[in-house]
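# Just to be clear, the model below is a prediction. Sequence and coordinates:
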Amino acid sequence: MKTVLEKVPQGDPLTIPEQKAVIDAIIDRNRQKPGATMVVLSEMQNEIGFLSEPMQEYIASELQVPLSSVHGVVTFYSFFTTTPRGRHSIKFCLGTACYVGGADQLIEKAEQVLGIKIGETTPNGAITIETCRCVGACSQAPVIAIDEELFGKMTAAKLPKVLAQYQD
Amino acid sequence: MTYLATHEDLAVLHNDAIKRFEEKRKSPDFKLQISDELKSPTPKEVRVVLRNSGVIDPLDICEYIAKDGYLAIAKVLSSMTPEEVIEEVLASGLRGRGGAGFPAGLKWRFARHAKTEPKYMICNADEGDPGAFMNRMLLETDPHSVIEGMTIAAFAAGSNQGFVYCRAEYPTAVKTMIHAIDQAREMGLLGKNILGSGFDFDMELRMGAGAFVCGEETALMSSIEGKRGEPRPRPPFPAQSGLWAKPTNVNNVETYGNVPQIILKGAQWYASMGTEKCKGSKTFALAGDLNNPGLIEVPFGITLREIIYDIGGGIKGDKAFKAIQTGGPMGGCLPASMLDLSVEYETLTAAGSIMGSGGLIVMDEDTCMVDIARFFMDFTQDESCGKCVPCRVGTRRILEILTRICEGEGREGDIELLETLCREIRQDSLCGLGQGAPNPIVSILQHFREEYEIHIREKRCPSKVCKALITYSIDAENCTGCTLCARNCPVNAITGERKQVHVIDPDICTRCGICYSVCNFDAVEIN
């Protein structure tokens, strides 16, 4: 395990003491759970914001599972990311009702206003825009989710004002 | 919080809770936060599984107890044998609400008869179908009914450990459910020796991480085990070899939510609703181009027409009805000629669609069915886990063909090629995702074939949706030069001075349709 930590590049969450403490706490409180890999990865994605390669190696060695399994899980599920995200995540729901309701118009508008494409983060690190699966608020379609809050009945005309609140 | 050691403790608390429930509502400050999606029931609706939704505070277990909550598990633990519970649920006719419609009691009996220990209970709350939000609403508004139903099922199946698998896209449902589980455990309604009966059962919530295929029961189990959510071949069925190769019973949120009522009011009461083959009620998430979308609960046997017009308030903007999509991305699209179809598992399957978990999306005349087919295939090919070739490669090939058709590059023979591919993917795929993936394509081919043909032969999109086949222009007569369209155009394709007629440059235009939706004077035309 020492070897895992020795070669970690500077700036990785494992080299930042406060984040390392969070990582260790997550591993410790879930270590005994059956099927702990998913639980640990979910919590770490939530609290650290992403799962770097050294973090995956560290988890594998701590939980005694092959690195290939950890990496396999990380790449399988769309909620896990290997690069840092923006401070705010803006997700465009692509459920059927939102799609029929014009979600693609909202995406084009957001890409224009923010100057980034879907999947990218604004240069100041404020916003990451992504598409997501149905958030289950179909009667409010089209819907965008900013962090954990839902904004229903969104229109391309209303969108820039909403985005502006998160742009700094 | 009181710890309930015996049935008597619960009975005392029940009386107390009723008083408090009523007193709380007398206060002028009392206001329950109710989601927009929960409407008061229309005359054709019933409230069985949703009886408490919008009525009780989901974060307070005593409110659930005031509505006879946990009395069913008390009855089961004090006066019924597991086999009696199974018999009662079988007699009620309760079938799996996740979509497959397998009799719930029978599933529990299979698990009960399995020899290996321990046995696991799973609640499938991975409601991934786009357009479906029934489970989310139930978990957010009445989580304890699911916990109680699952505990009763665990008693019947002989299990002491359960898992609720909820998708990560539902943060509120996850929080509400975890809170409810903690409360139930604190009061002794989960854990060791429930109500002094000697029966132990506890449960834990596990979160998904954004993979649609995990709603398939074997993939879901792989995910709980901490692995990639890839399905496994069946047999062996989960009742023999499921989670960690132990006997496992998987039911949907709504299935569990029905159980306490069946135990309290009796199988006969439940079976009095619905039709001969489909008893009871079903929740549906009504969405799309409707006047009153939202969550509904109806008895089986209601017609699609009643759902759309009597409950959903008809089509928005007085447009014509075109299709109703049932069963999510593994379901199908039914045309106007099938509106009088009685809603049952068997009838929907016979019509080329499926019941599914209960998403109903209504589409008006402006919807292009080929584009919808492409949308669903885009979804399934992206969500295909990649384990088996027919699904992984087949869905991609179908998507390529459909995209080509939508772009005006369709060829003669494409329809036949689609039919062959669909047949083979359905026959050869490992799990429900692959087997169901062709359903939207086939049902649209069956009911809206001419739309495919017009796209292929005339290179035209009759509904004016497919971007490559349309152009936008501004009608000089209607344009007032208000500049609204130019200001909203994401690619600056619209030019014109204030109070002058505006013009769209077709070379820059991406056909996003924003100008069309924002124009207040109907000046933007689609050709």
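In hand now; what should we look at?
# Can you tell me, leaving aside adjacent residues, what's nearest to B:Arg167?
Among residues not flanking B:Arg167 along the chain, B:Gly208 sits closest, at 4.3 Å (C-beta to C-beta, 6 or more residues apart in numbering or on different chains). Yep, even glycine has a C-beta here, placed from its N, CA and C like the rest.
# ok, that neighbour to B:Leu71 distance?
With distances taken as C-beta to C-beta, to the nearest Å, B:Gly208 is found 32 Å from B:Leu71.
# higher neighbour count, those two?
Using other C-beta atoms under 10 Å in any protein chain shown, the more surrounded residue of B:Gly208 and B:Leu71 is B:Gly208, with 26 against 18.
# Report pLDDT for that one.
On the pLDDT scale, B:Gly208 is placed at 96.
# residues contacting it?
Contact analysis of B:Gly208 by C-beta atoms under 8 Å, 6 or more residues apart in numbering or on different chains lists A:Tyr77, A:Phe79, B:Asp126, B:Tyr165, B:Cys166, B:Arg167, B:Ala168, B:Cys214, B:Ser223, B:Gly229.
# go with 7 Å
B:Asp126, B:Tyr165, B:Cys166, B:Arg167, B:Ala168, B:Cys214, B:Ser223 (C-beta atoms under 7 Å, 6 or more residues apart in numbering or on different chains).
# And the residue nearest to B:Ala320 when sequence neighbours are not counted, how close does it get to B:Gly408?
In space, B:Ala320 comes closest to B:Glu365 once its chain neighbours are excluded; the distance is 4.3 Å by C-beta to C-beta, 6+ apart. Distance, B:Glu365 to B:Gly408, by C-beta to C-beta: 21 Å.
# more crowded one of those two?
B:Gly408 (16 against 13).
# Is chain A within reach of the lengthiest strand in chain B?
Counting by DSSP state E, the longest strand found in chain B is strand B:281-288. Yes: applying C-beta under 7 Å from any C-beta of the partner chain, one finds strand B:281-288 touching chain A at B:Ala285, B:Ala287, B:Gly288.
# Check for me that B:Ile361 belongs to a strand.
Yes: judged by DSSP: H, G, I helix; E, B strand; the rest coil, B:Ile361 forms part of a strand.
# thought it was touching B:Gln325?
Yes: counting by C-beta atoms under 7 Å, B:Gln325 is a contact partner of B:Ile361 at 4.3 Å.
# Which residues are in contact with each of these two?
Joint contacts of B:Ile361 and B:Gln325 (C-beta under 7 Å, 6+ apart) are A:Thr96.
# picking that back up, so which of the contacts of B:Gly208 sit within strands?
B:Tyr165, B:Cys166.
# min pLDDT across the contacts of B:Gly208, which one?
Lowest pLDDT among the contacts of B:Gly208: B:Ala168, with 92.
# Could you point out the helix or strand that follows the helix or strand bottoming out on mean pLDDT in chain A?
Here the helix or strand of chain A ranked lowest by mean pLDDT, DSSP states H and E is helix A:2-6, holding a mean of 67. Moving toward the C-terminus from helix A:2-6, the next helix or strand (DSSP states H and E) is helix A:17-30.
# Check which residues of that following helix are buried.
Counting neighbours by 16 or more other C-beta atoms under 10 Å in any protein chain shown, one finds that the buried residues in helix A:17-30 are A:Gln19, A:Lys20, A:Val22, A:Ile23, A:Ile26, A:Ile27, A:Asn30.
# Closest one to chain B out of those residues, please.
Nearest to chain B among these: A:Asn30, at 10.1 Å, using C-beta to the nearest C-beta.
# so what's that closest one up against?
A:Ala36, A:Val39, A:Val40.
# Mind doing that once more with 8 Å?
A:Ala36, A:Val39, A:Val40, A:Glu43.
# From the structure, what's the count of residues near residue 80?
This is for chain A. 19.
# hm, I was asking about chain B
18.
# got it, and B:Glu424?
Neighbours of B:Glu424 (other C-beta under 10 Å): 13.
# so how far is chain A from it?
26 Å (C-beta to the nearest C-beta, to the nearest Å).
# any idea where the strands of chain B begin and end?
Counting by DSSP E, the strands of chain B are B:120-125, B:161-166, B:202-207, B:248-252, B:281-288, B:294-299, B:321-326, B:332-335, B:359-364, B:472-474, B:494-495, B:503-504, B:524-526.
# now for the longest one, which elements pack on it?
To tie it back to what came earlier, the one meant is strand B:281-288. For strand B:281-288, the packing partners by 3 or more C-beta pairs under 8 Å, 6 or more residues apart in numbering or on different chains; DSSP states H and E come out as helix A:96-100, helix B:134-141, strand B:294-299, strand B:359-364.
# I'd like to check the angle between that strand and helix B:134-141, please.
110 degrees (axes from the mean of the first three to the mean of the last three C-alpha atoms, to 10 degrees).
# What residues sit buried inside strand B:281-288?
In strand B:281-288, counting by 16+ other C-beta under 10 Å, buried: B:Ser281, B:Lys282, B:Thr283, B:Phe284, B:Ala285, B:Leu286, B:Ala287, B:Gly288.
# Could you give the average pLDDT over it?
Here the average pLDDT along strand B:281-288 is 94.
# Off-centre distance for that strand?
Its chain's average C-alpha position is 8 Å from that of strand B:281-288, according to C-alpha atoms, centre = their mean, to the nearest Å.
# B:Ala209 against A:Phe80, yeah?
Yes: using C-beta atoms under 8 Å, B:Ala209 is in contact with A:Phe80, at 6.0 Å.
# so what sits against both of the two?
Joint contacts of B:Ala209 and A:Phe80 (C-beta under 8 Å, 6+ apart) are A:Leu41, A:Gln45.
# ok, B:Val501 - contacts?
B:Val501 makes contacts with B:Ile474, B:Ala476, B:Cys479, B:Gly481, as judged by C-beta under 8 Å, 6+ apart.
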